[in-house]
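Undergrad: Generate a structure from the sequence data that follows.
(chains A, B, C and D)
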There are 2 protein chains.
Amino acid sequence: MKSEKICEAEGLLKMLSGKWKPQIFRLALDGPVRFNSLLRQIKGSNKQSIAVALKELEEQELLEKKVVKLKPLHIEYNLSEKGKSLIAVFRQLENLS
Amino acid sequence: MKSEKICEAEGLLKMLSGKWKPQIFRLALDGPVRFNSLLRQIKGSNKQSIAVALKELEEQELLEKKVVKLKPLHIEYNLSEKGKSLIAVFRQLENLS
DNA sequence: ACAATTAGTCAGAAAAACATGACTACCTAA
DNA sequence: TTAGGTAGTCATGTTTTTCTGACTAATTGT
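TA: As a prediction, the model looks like this:
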């Protein structure tokens, strides 16, 4: 029983592994994120890595891709319900330190 | 304020990043762990990687190294207080799914 | 005395992750 | 119609991580 404890956590660690996914996810907490603006916001990043990270976050269903058919016709990535459910976990982590 | 939320989490993700650290940490939840027995328990692992992972977990102060001067004179790694404080976070993660 | 177990280290190779620059394709504003 | 912004892909190269196999060295069991 005890050893099961971390299994969800192992999944989470894997989902948010890599150089850019944590930052992207954090930004997504504040609102929808977009490819090009991430590229500008996250210094040192690059197209390829951001594209891959977004794809993975989408596959893991932490983010949801959405085509916005408005004025400048763009794509945005929103935090999914699954993603939102993690906020509580992060809040608790904060309280530890 | 909102974007601070994940900062502790980013630290945690980094501390437990890599292929073997999560598993080692999980096993450490159940009691002290040892180099050679980890090597046997964790299938597909290897000396080098386990050694590096243990060193890093120790540096990050999630585990504490201890020389046990008993019968077969060995070394064990115990969960530190910092390590124990994470248990609550993992427990919460469990409850989400 | 000898073999096994303990806990590693080290150099080098292989694999995975990440970065770079060129390119595509669609839309919009001048 | 041309320039700039949107959101990417692709091939290639570099860097980081991980693995392999050889080796060390002290301790312990037979």
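Undergrad: When you work out contacts or count neighbours from here on, use the C-alpha atoms and nothing else.
TA: Noted.
Undergrad: What are the boundaries of the strands in chain A?
TA: A:63-68, A:74-79 (DSSP state E).
Undergrad: Report the mean per-residue pLDDT for the last one.
TA: Going back to what we said before, that points to strand A:74-79. If you average the pLDDT over strand A:74-79, you get 98.
Undergrad: now swap in the first one and tell me
TA: When pLDDT is averaged over strand A:63-68, the result is 98.
Undergrad: Can you tell me the strand partners of it and which way each runs?
TA: Taking DSSP bridges as the criterion, strand A:63-68 forms sheet pairs with strand A:74-79 (antiparallel).
Undergrad: now the closest residue to A:Lys47 other than its chain neighbours: how far from DNA strand C?
TA: Leaving out its chain neighbours, the residue that sits closest to A:Lys47 by Cα to Cα, 6 or more residues apart in numbering or on different chains is A:Leu39, at 6.7 Å. A:Leu39 is 11 Å from DNA strand C, where distance means Cα to the nearest atom of the strand, to the nearest Å.
Undergrad: for A:Ser80, same thing?
TA: 22 Å.
Undergrad: For B:Trp20, see how far away that residue is.
TA: Note on A:Ser80: its distance to B:Trp20, by Cα to Cα, to the nearest Å, is 29 Å.
Undergrad: same deal with A:Glu76?
TA: Here the criterion is Cα to Cα. By it, A:Glu76 lies 34 Å from B:Trp20.
Undergrad: Look at those two and report which has more neighbours.
TA: B:Trp20 (18 against 15; other Cα atoms under 10 Å in any protein chain shown).
Undergrad: Nice, that's everything, thank you.
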